[in-house]
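A.B. asks: no FASTA, just this:
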Ligand code: PMP
């Protein structure tokens, strides 16, 4: 007990502390821009219609049992999850189960899928179901620390705060470094700083965490040209890309666009996605339609054999995939970890180690959320509904960005006129942020507002508007009803 008495008290995690403070606030017009969760136009949690329908379908399914999943999770779920990342090779159809029986081929995701749980599910991409994106980050950090043994892990500055904590706890021996990401003066990506840091400081097998899309907290992503430069750098220096994909479909509303960077890296490093579209299998009407609209499918299709030589020596890449945001399944904790290995490497060893780590940590992952995701993704109609749901969420946030920008700028104009009248004889007009275009140019759920710590503090204390200390605002908390209130509050604290 004496030892317990000496335990230092750590500060509460900021994101959860902000939510708790917001909940405890009795002010009727309070606004939460803290937690990264979607809210509808009424400021309420939104159960996606596709998810609602999937739950109804599950309830009507006879003899649905509650058995354990295998250690690696639900295989059909994992294949669908993997396809979302690397491209839809087995889009659902009424006979979708027959799609997974194609013959094994190098780089083919489904071909080597086995009913035997002790064997890898794919030749080159190993997939494990995880406790949402956090669990995938954790499993990846643990596995890489033990088996890739990088000298460093590079984390963007700024980033989702949990990246640092996950690596501190799961991989304490790996030295954490940051790479510059954000240029405050121009409110844009510090791409040169990022490249220079990796060029000068990263060594072979170092891990670099990359936000697949909708960077948290800045809302600024590299352009495709910049991703291309990065992929070449990773290939040349043999750096291990660790994609954190928590917002696929949320950034642009389009699943393929939001997966572009991951697919590009996969193509550059390994020559092909795990299931090239050249695979000989009959496409259903819906498959053909979807791939025709995908736009960038040819990125995934390259000749596996001819690129094998380039892959020698490259360590691989991995993806931590979360379904919390894009399915609105925050509490169900549905996610996946995908490890993509060079074709020359047998995945058996890595697979067995991931089984071991998972067994020790959770034995096997939870069933319910994965069942919902699987039900939606494997049903043509539900999947179409889900894509519409993604549009609903991403379009609403985009429209809120415009509304908020306009409302703040209007408020500031009024303030200025007022000040000019009052200070006509003496004094200068305050120099506040007057250009709010970044609200609109940033993408995803968050805006990196540029508000300072004292301004954030004042927003909370005077106006009951809650956001993160670094000025990150989760814009789903804004809607037509409160946008003028929020804008007036922001205009007041920056004045
Ligand atoms: N990565 C990033 C960048 C995130 O923003 C989040 C969600 N806040 C996650 C991972 C994982 O969240 P979860 O564990 O809820 O899937």
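C.D. replies: On my side now, so go ahead. Here the structure is a predicted model, which is why all the values come from computation and not from measurement.

A.B. asks: And the residue of the stretch 251-400 of the chain found nearest the ligand, what's its pLDDT?
C.D. replies: The minimum distance from the stretch 251-400 of the chain to the ligand, using Cβ to the nearest ligand atom, falls at residue 322 (3.1 Å). Glycine gets a C-beta too; all of them are placed from N, C-alpha and C. At residue 322, the predicted lDDT confidence score is 98.

A.B. asks: That one contacts residue 335, doesn't it?
C.D. replies: Yes. Between residue 322 and residue 335 there is a contact under Cβ atoms under 8 Å: 4.9 Å.

A.B. asks: Compare the two (neighbour count), which wins?
C.D. replies: Just comparing residue 322 and residue 335: by other Cβ atoms under 10 Å the higher neighbour count belongs to residue 335, 30 against 26.

A.B. asks: Sheet-wise, list the partners of the helix or strand hosting residue 242 with their directions.
C.D. replies: Residue 242 belongs to strand 240-245 when assigned by DSSP states H and E. The strands beside strand 240-245 in its sheet (DSSP bridges) come out as strand 207-211 (parallel), strand 317-322 (parallel).

A.B. asks: Just the pLDDT at the spatially closest residue to residue 11 that is not a sequence neighbour, thanks.
C.D. replies: Closest residue to residue 11 apart from its sequence neighbours, by Cβ to Cβ, 6 or more residues apart in numbering: residue 17 at 7.7 Å. At residue 17, the pLDDT value in this model is 91.

A.B. asks: do the same with residue 139
C.D. replies: In this model, residue 139 carries a pLDDT of 98.

A.B. asks: how many neighbours does it have?
C.D. replies: 27.

A.B. asks: quick one: it and residue 350, what's the gap?
C.D. replies: Note on residue 139: its distance to residue 350, by Cβ to Cβ, to the nearest Å, is 12 Å.

A.B. asks: where does this structure come near the ligand, residue by residue?
C.D. replies: 36, 132, 133, 134, 160, 211, 216, 244, 246, 322, 324, 335 (Cβ under 6 Å from any ligand atom).

A.B. asks: My read is that the third one contacts residue 244, right?
C.D. replies: This means residue 133. Yes. Taking Cβ under 8 Å as the definition, residue 133 is a contact partner of residue 244 at 6.8 Å.

A.B. asks: more crowded one of the two?
C.D. replies: residue 244 (29 against 26).

A.B. asks: Verify the contact between that one and residue 320 for me.
C.D. replies: Yes. If you go by Cβ under 8 Å, residue 244 and residue 320 touch, sitting 5.0 Å apart.

A.B. asks: anything in contact with each of the two?
C.D. replies: Common contact partners of residue 244 and residue 320 (Cβ atoms under 8 Å, 6 or more residues apart in numbering): 133, 137.

A.B. asks: So, low pLDDT: which residues of the stretch 301-450 of the chain?
C.D. replies: Low-confidence segments of the stretch 301-450 of the chain (pLDDT under 70): 301-312, 423-432.

A.B. asks: how about residue 72, secondary structure?
C.D. replies: coil (DSSP: H, G, I helix; E, B strand; the rest coil).

A.B. asks: Need the residues touching each of residue 133 and residue 244.
C.D. replies: residue 320.

A.B. asks: count of neighbours near the spatially closest residue to residue 210 that is not a sequence neighbour?
C.D. replies: Spatial nearest neighbour of residue 210, excluding adjacent residues (Cβ to Cβ, 6+ apart): residue 243 at 5.2 Å. When counting by other Cβ under 10 Å, one arrives at 24 neighbours for residue 243.

A.B. asks: all numbers from here: first residue = 161
C.D. replies: Taking 161 as the first residue, the last one we looked at is residue 403.

A.B. asks: returning to that earlier point: can I get the residues of the chain next to the ligand in JSON lines including distance to residue 578?
C.D. replies: Formatted as JSON lines, the residues of the chain next to the ligand follow (distance: Cβ to Cβ, whole Å):
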{"residue": "196", "distance to residue 578": "35"}
{"residue": "292", "distance to residue 578": "48"}
{"residue": "293", "distance to residue 578": "46"}
{"residue": "294", "distance to residue 578": "47"}
{"residue": "320", "distance to residue 578": "40"}
{"residue": "371", "distance to residue 578": "41"}
{"residue": "376", "distance to residue 578": "37"}
{"residue": "404", "distance to residue 578": "45"}
{"residue": "406", "distance to residue 578": "42"}
{"residue": "482", "distance to residue 578": "46"}
{"residue": "484", "distance to residue 578": "44"}
{"residue": "495", "distance to residue 578": "50"}
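
A.B. asks: what's the lowest-pLDDT member of those residues?
C.D. replies: residue 196 (89).

A.B. asks: Wait, residue 370 touches residue 405, no?
C.D. replies: No. Using Cβ under 8 Å, residue 370 is not in contact with residue 405, being 9.3 Å away.

A.B. asks: any idea which of the strands paired with strand 400-405 is most buried?
C.D. replies: Highest mean neighbour count of the strands paired with strand 400-405: strand 477-482, a mean of 28 (counted as mean count of other Cβ atoms under 10 Å).

A.B. asks: Which SSE is immediately downstream of it?
C.D. replies: Following strand 477-482 toward the C-terminus (DSSP H and E): strand 494-500.

A.B. asks: Parallel or antiparallel, list what pairs with that following strand.
C.D. replies: For strand 494-500, pairing defined by DSSP bridges yields strand 285-291 (antiparallel), strand 477-482 (antiparallel).

A.B. asks: what's downstream of the longest one, the next helix or strand?
C.D. replies: Okay, so that is strand 285-291. helix 292-307.

A.B. asks: so how far is that following helix off the chain centroid?
C.D. replies: With Cα atoms, centre = their mean, to the nearest Å as the basis, helix 292-307 stands 15 Å off its chain's centre.

A.B. asks: same thing with stretch 406-416?
C.D. replies: The answer for stretch 406-416 is 9 Å, by Cα atoms, centre = their mean.

A.B. asks: what does stretch 488-508 give?
C.D. replies: That offset, for stretch 488-508, works out to 13 Å (Cα atoms, centre = their mean).
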